[in-house]
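> No sequence on hand, only this structure:
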Ligand code: AMP
């Protein structure tokens, strides 16, 4: 059965961490627009050069640019059994484009991972991210427990940038809660629980909504 998941929620809510667990369970690709853009920046591609400064400041990349990236990715054959979108959509316009892209596919299941702003700021202040696989780690030494890669803070986790990312989330992304909120497949999840408990909540919610 095709499973098309969208992870919603503020930065630091655990979308990426959860997506990495869930892709193993359901064997569907984890599509993180943030990770794709960071790779483009690191590789110095034309896309990377276009978005680097915006990302450094915590702003949003242009809707048309990011929508094209996602449309290309969703046209790959490995998404036939479904996908796990992490970081897209982030605006109502992106959500409208996504609805058009998946019009002939199984309905989107929306996982909204809810977390307070105070908790976001607290978490991101101490977040370390693996340069190799993108896994998150908090206060766990200098190497990644998943792949052994080096851990470092994310450039856009500096406090000033986090505050801007939260503002952008509040103004541009939170309206998606209204956009999706009335759908039968919209699920609200408490992101303040332990990661394994969040995973359990998500699995239960998805199983009861599909
Ligand atoms: P993330 O890893 O999801 O926190 O994304 C990191 C950064 O990439 C964001 O702060 C944005 O600058 C950019 N980005 C990722 N996804 C999107 C999107 N759907 N729309 C616009 N910008 C995005």
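All right, it came through fine. Quantities reported herein were computed from a predicted structural model and do not represent experimental measurements.
> rest of the way, CA atoms for contacts and neighbours
Will do.
> List, one by one, the residues from the protein near the ligand.
Within the chain, the positions lying close to the ligand (C-alpha under 6 Å from any ligand atom) are 11, 33-35, 54-55, 58-61, 66, 87-90.
> try 8 Å this time
Residues of the chain lying close to the ligand by C-alpha under 8 Å from any ligand atom are 11-12, 32-35, 37-38, 51, 54-63, 66-67, 86-91, 94, 156, 165.
> buried subset of those residues?
Those of the residues of the chain next to the ligand that meet the buried threshold are 11-12, 32-33, 37-38, 51, 55, 57-61, 63, 66-67, 86-91, 94, 156, 165, by 16 or more other C-alpha atoms under 10 Å.
> Let's see which of the residues you listed end up in strands.
Secondary structure of these is defined by DSSP state E; positions in strands are 32, 86.
> which strands and helices sit next to the host helix or strand of residue 17?
Element membership of residue 17 [criterion: DSSP states H and E] is helix 15-26. The helices and strands touching helix 15-26, judged by 3 or more C-alpha pairs under 8 Å, 6 or more residues apart in numbering; DSSP states H and E, are strand 3-8, strand 30-32, strand 82-86, helix 195-209.
> okay if I get the ones you listed as a markdown table plus mean pLDDT?
Compiled in a markdown table, these are given as follows (pLDDT from 0 to 100):
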| stretch | mean pLDDT |
| --- | --- |
| strand 3-8 | 98 |
| strand 30-32 | 96 |
| strand 82-86 | 98 |
| helix 195-209 | 95 |
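> Any idea which of those gets closest to residue 112?
Closest to residue 112 of the helices and strands packed on helix 15-26 is strand 3-8 (C-alpha to C-alpha; 4.5 Å).
> Give me the sheet partners of that closest one and which way each runs.
Each strand paired with strand 3-8, and its direction, by DSSP bridges: strand 82-86 (parallel), strand 108-114 (parallel).
> winner for burial among the ones you listed?
Greatest average neighbour count among the strands paired with strand 3-8 goes to strand 82-86 (a mean of 24), per mean count of other C-alpha atoms under 10 Å.
> just the helices in this structure please.
Counting by DSSP state H, residue ranges of the helices within the chain are 15-26, 33-43, 46-57, 63-74, 92-101, 117-125, 159-168, 175-181, 195-209.
> quick one on the thing from earlier: could you give the mean pLDDT of the helix holding residue 17?
Throughout helix 15-26, pLDDT has a mean value of 94.
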